[in-house]
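Novice: Got a sequence here, can you model it:
(2 chains)
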2 protein chains.
Amino acid sequence: MPKIVDHAARREEIAEALWRVVRRDGIRAASVRTIAAEAGWSAGAVRYYFPDQDGLLSFAMDLVSRRVTERISAIEPKGTVQTIVLRYLDEVLPLDAERRAEFDIWLAFTAQARAESDAGALQEHLDTVHNGLRQLCESLLRSLADAGVLKDGLDLRREVDLLHAVLDGLALHAAIQPERTTPSRLRQLMRHHLESLMAENP
Amino acid sequence: MPKIVDHAARREEIAEALWRVVRRDGIRAASVRTIAAEAGWSAGAVRYYFPDQDGLLSFAMDLVSRRVTERISAIEPKGTVQTIVLRYLDEVLPLDAERRAEFDIWLAFTAQARAESDAGALQEHLDTVHNGLRQLCESLLRSLADAGVLKDGLDLRREVDLLHAVLDGLALHAAIQPERTTPSRLRQLMRHHLESLMAENP
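Specialist: Now for the predicted structure:
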């Protein structure tokens, strides 16, 4: 009888092992070897899912994207449009240990993609992730514009670029100096940036 | 006769070799071995300046800080305060190949410091670099405030944090997608952010 492997289930299992290693020991500790040990698999079995460190980072980045997408899909559109927009932004800011681990994976992945001498598969994957966050910023600003709460005469494309920059910049600062850029400070700064785009008397 | 080594001159020489390797082949190609080959030194001689990859990144980050400081010191305070402020910001944005290479070093250094399981010497160095840029943002906003061109009632501490986030976020985006976030787009977005803080009729 041929050996039947449920790849979806095994992929899930290896993703969970990877997540445990990153949460416990940081992204630097994640390697084919440590993740195999965590999952109780052979290194060879893990290499089916990611053959090397680049593959590992790409796999981890996929996991992060999936986690963020799931949280975003679960947001209930209750309250004012401003409240809802802030709730979306909360899901992509490193406001707790889980989301900080996600950000660390993003940072390691981005630095690795940038450091590739031949802009290859990692850069393509990075583009997808980057464009995804940009599209989120765009649809959030569009919701605010449609609700008529934005200032008149804003150049929306420019504001999308700036919101995206503020988001990534703040996330970076929360990672670099968590004691200064605390979760409440992060949310406060994000809220203030959005308010600066709002009409005085909506 | 004892061998006299001019460490300052040798440090300069190794910094130049490192810079050539990073500019030509990217930060990922930089290792004790490749830099030794570039400088025409033995690996052992290079290890006096940085014993390992962490040491190399720290050395490279020092080099970047020195380059930025030199350019900033050379800025002539001519023109309106807004023009001068933008000139300072230009020196910390990746607007050309030289400054993009500097940013890549910063990114690799930051990711490495963040990925350290024991927040050690790299994190301390990262704090210094991070605080340096924050202080630059603070003194630029203070100059604008002193010149009376900022909007009334701005919370300066908050605006410093946001300007710093915009700066790092935009630099990151220029590194990730240089074809979208071009140098002229970068300067335009930076200028627009500053203008949003200005009084309507200064």
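
Novice: next one: stretch A:15-26 to chain centre, how far?
Specialist: 16 Å (CA atoms, centre = their mean, to the nearest Å).

Novice: and the longest helix seen in chain A, anywhere near chain B?
Specialist: Ranked by number of residues, the top helix in chain A under DSSP state H is helix A:121-146. Yes - residues of helix A:121-146 are located near chain B by CB under 8 Å from any CB of the partner chain, namely A:126, A:127, A:130. Glycine gets a C-beta too; all of them are placed from N, C-alpha and C.

Novice: Next, see if the one helix or strand residue A:9 maps to gets close to chain B.
Specialist: Under DSSP states H and E, the secondary-structure element containing residue A:9 is helix A:7-25. Yes - applying CB under 8 Å from any CB, one finds helix A:7-25 touching chain B at residue A:25.

Novice: Tell me which stretches of chain A form helices.
Specialist: A:7-25, A:32-39, A:43-47, A:53-73, A:81-92, A:97-115, A:121-146, A:156-176, A:183-195.

Novice: Just put these in JSON lines and tack on mean neighbour count.
Specialist: Shown next, in JSON lines, are the helices of chain A (neighbours: other CB atoms under 10 Å in any protein chain shown):
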{"stretch": "helix A:7-25", "mean neighbour count": "16"}
{"stretch": "helix A:32-39", "mean neighbour count": "18"}
{"stretch": "helix A:43-47", "mean neighbour count": "16"}
{"stretch": "helix A:53-73", "mean neighbour count": "17"}
{"stretch": "helix A:81-92", "mean neighbour count": "18"}
{"stretch": "helix A:97-115", "mean neighbour count": "21"}
{"stretch": "helix A:121-146", "mean neighbour count": "17"}
{"stretch": "helix A:156-176", "mean neighbour count": "22"}
{"stretch": "helix A:183-195", "mean neighbour count": "17"}
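
Novice: how about those helices, which one is nearest residue B:97?
Specialist: helix A:97-115 (14.1 Å; CB to CB).

Novice: mean confidence for the closest one?
Specialist: The average pLDDT within helix A:97-115 is 87.

Novice: Kindly export it (C-alpha atoms) in CSV.
Specialist: Extracted C-alpha coordinates of helix A:97-115, given in CSV (Å, rounded to 0.1, in the frame of the first residue of the first chain):
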residue,chain,number,x,y,z
ALA,A,97,4.1,39.2,22.0
GLU,A,98,2.3,37.3,19.2
ARG,A,99,2.3,40.2,16.8
ARG,A,100,5.9,41.2,17.8
ALA,A,101,7.0,37.7,16.8
GLU,A,102,5.2,38.1,13.5
PHE,A,103,7.0,41.4,13.0
ASP,A,104,10.4,39.9,13.8
ILE,A,105,9.7,37.3,11.1
TRP,A,106,8.7,40.1,8.7
LEU,A,107,11.9,42.0,9.5
ALA,A,108,14.2,39.0,9.1
PHE,A,109,12.5,38.1,5.9
THR,A,110,12.7,41.6,4.5
ALA,A,111,16.4,42.0,5.5
GLN,A,112,17.2,38.6,3.9
ALA,A,113,15.3,39.5,0.7
ARG,A,114,17.1,42.8,0.5
ALA,A,115,20.5,41.2,1.1
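
Novice: mind showing which ranges of chain A have poor pLDDT?
Specialist: For chain A, the stretches with pLDDT under 70 are A:1-4, A:116-119, A:201-202.

Novice: How is it partitioned into domains?
Specialist: As assigned by automatic domain parsing, chain A contains the domains A:1-51, A:52-195.

Novice: can you pull the contacts of the nearest residue to residue A:72 once chain neighbours are set aside?
Specialist: Once flanking residues are discounted, residue A:72 sits nearest to residue A:91: 5.4 Å by CB to CB, 6 or more residues apart in numbering or on different chains. Contacts for residue A:91 were tallied using CB atoms under 8 Å, 6 or more residues apart in numbering or on different chains; they are A:68, A:71, A:72, A:75, A:99.
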